[in-house]
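1. sequence first, predicted coordinates after that:
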Amino acid sequence: MNHQITAEDLRGVAELAVGTPIRWEDDVTGFLPCPGAVLHTAPTRPHDCRVKLDRAPTIHCFHASCASMVAAANRRLRSAIGRAQRHGVVTEPTPAGPSDESPPNATPLASMSPQDYERDVLRLRAEFAIASLATARSLPVTEWIPRSPTSVPTDPDAQWRSFLQLFAADANLWIGSEVWQSGNEGRYQHCWRTRDQWLSYPSVPGRYVCPALFLPGTTSRANSAVLARPFLVVESDELNKAEIGAVFLWLAESLSLRAVVDTAGKSLHGWFDCPDEGTLTDLKIILPAFRCDPALFKPSQPVRLPGAMRDGRLQRLLYLDLSHENHAITP
Ligand SMILES: [Zn+2]
């Protein structure tokens, strides 16, 4: 026999489904950060977004611009509560005592696999985190340099040289002045040099660099030419610099942040030590929820090299952490 689902169980299920604590006013009504707050076009206030768990569980937000994200959150909420009512609550310990034929553990909430369920929860948490980050925790660009563990040189020529210290001396790196400098029967061979060869250049050798190490002798940025991928670069076309800054800080709680580069466009790039495959898989779900660019999961994607110019403006190094070992060449 399934144990009876209590109102308290349902409140727990709702919080898990929306990925954030809810401030409950009574058994079935509470307030929460709007899942679509990032889309609000007017200021967000504390009681704008309400959830009610009676009959058809519903999140309602005062704003209209967030409707798509609120609708998605409502689908998740109803499906999680429906599953809980059908199968029991996985987080509820089985009561000890004289037993009937109930199974030792309650059936998992989800009919999906545990991995899928966990990813779903991660994605939800990310969606809610971005809403609160973007509205509450933005980080002005000027606050990066004082936070930098390694002091950031102001001289542009010193910036790219310091930045390349993230790589090992013999790392085979691609640097180009155009992103298309690859392949074409070896015509762009000059774009591959070891870190120390690049450092011997009298001035910045290009505007772009790849966060990947390439096989010796390669003349193409094909994925098959990538020897190792020491860094994951995160960016967003949609968040402003202060908002993406808050995302970097959030990610830096679990990943190692090595550099932040102002692209001299709308965006910042965050360079993180590349995590293991499992974490990368999770990030492929989380980062799009942060409106971050999934193309950067491709290790051979060129990104802006700090210390170079873009339309008369400096691609500026804002943060650098050389306190760890730089990356060995072995994959
Ligand atoms: Zn809203």
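-> On my side now, so go ahead. Numbering: from 1, shown residues only.
2. ok, residue 187 - how many residues close by?
-> By the criterion of other Cβ atoms under 10 Å, residue 187 has 11 neighbours. Heads up, the C-betas are built off the backbone N, CA and C, glycines and all.
3. and it, what is it in contact with?
-> Counting by Cβ atoms under 8 Å, 6 or more residues apart in numbering, residue 187 makes contact with residue 219.
4. helix/strand/coil for it?
-> At residue 187 the chain is in coil, as set by DSSP: H, G, I helix; E, B strand; the rest coil.
5. and stretch 191-207, how far out from the chain's middle?
-> 30 Å (Cα atoms, centre = their mean, to the nearest Å).
6. near the ion, which residues of the protein?
-> 34, 36, 61, 63, 66 (Cβ under 5 Å from the ion).
7. can you tell me how far the residue lying closest to residue 265 once chain neighbours are set aside sits from the ion?
-> Excluding the flanking residues, the one nearest residue 265 by Cβ to Cβ, 6 or more residues apart in numbering is residue 310, at 6.9 Å. Applying Cβ to the ion, to the nearest Å, the value for residue 310 to the ion is 36 Å.
8. and for residue 315?
-> From residue 315 over to the ion the distance is 36 Å, taken as Cβ to the ion.
9. list the residues that contact that residue.
-> Residues in contact with residue 315 (Cβ under 8 Å, 6+ apart) are 207, 261-264, 304-309.
10. was I right to think residue 69 contacts residue 33?
-> No: contact criterion Cβ atoms under 8 Å: residue 69 and residue 33 do not qualify, at 11.4 Å.
11. tell me how far residue 287 lies from residue 319.
-> 19 Å (Cβ to Cβ, to the nearest Å).
12. those two - which one has more neighbours?
-> When residue 287 and residue 319 are compared for neighbours, residue 319 comes out ahead with 25 against 22, by other Cβ under 10 Å.
13. all the strands of the stretch 101-250 of the chain, in order from the start?
-> Using DSSP state E, counting those that start in this stretch, the strands of the stretch 101-250 of the chain run over residues 172-176, 192-194, 208-209, 213-214, 226-228, 231-234.
14. tell me the most packed of the contacts of residue 315, by neighbour count.
-> So for these (other Cβ under 10 Å), the most neighbours sit at residue 306, 29 neighbours.
15. would you check how far apart residue 250 and the ion are?
-> Taking Cβ to the ion, one finds residue 250 at 20 Å from the ion.
16. beta partners of the residue nearest to residue 265?
-> Beta-bridge partners for residue 310, by DSSP bridges, are residue 313.
17. run through the residues that contact the closest residue in space to residue 41 that isn't next to it in sequence.
-> Sequence neighbours aside, residue 65 is the residue nearest to residue 41 in space, at 4.8 Å (criterion: Cβ to Cβ, 6+ apart). Neighbouring residues of residue 65 by Cβ under 8 Å, 6+ apart: 36, 39-41.
18. switch to 10 Å and redo it
-> Residue 65 sits next to 36-42 when contact means Cβ atoms under 10 Å, 6 or more residues apart in numbering.
19. so which residues of the stretch 51-200 of the chain form helices?
-> With DSSP state H, counting those that start in this stretch as the criterion, the stretch 51-200 of the chain has helices at 67-87, 114-136, 144-147, 156-164, 195-199.
20. what's around the residue lying closest to residue 45 once chain neighbours are set aside, how many residues?
-> Of all residues not flanking residue 45 in the chain, residue 62 sits nearest, at 7.9 Å (Cβ to Cβ, 6+ apart). Neighbour count for residue 62, taken as other Cβ under 10 Å: 14.
21. does residue 62 touch residue 43 like I think?
-> No: using Cβ atoms under 10 Å, residue 62 makes no contact with residue 43, being 11.1 Å away.
22. off-centre distance for stretch 152-167?
-> 25 Å.
23. per-residue confidence averaged over it?
-> Stretch 152-167 shows an average pLDDT of 96 in the prediction.
24. go through it and flag the buried ones.
-> 152-153, 156, 159-164, 166-167 (16 or more other Cβ atoms under 10 Å).
25. wouldn't residue 211 be in contact with residue 274 here?
-> Yes: between residue 211 and residue 274 there is a contact under Cβ under 10 Å: 7.9 Å.
26. quick one: common contacting residues for these two?
-> With Cβ under 10 Å, 6+ apart as the test, residue 211 and residue 274 both reach 229-233, 299.
27. now neighbour count too, for those, in JSON lines please.
-> Formatted as JSON lines, the shared contacts of residue 211 and residue 274 follow (neighbours: other Cβ atoms under 10 Å):
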{"residue": "229", "neighbour count": "19"}
{"residue": "230", "neighbour count": "23"}
{"residue": "231", "neighbour count": "24"}
{"residue": "232", "neighbour count": "22"}
{"residue": "233", "neighbour count": "23"}
{"residue": "299", "neighbour count": "21"}
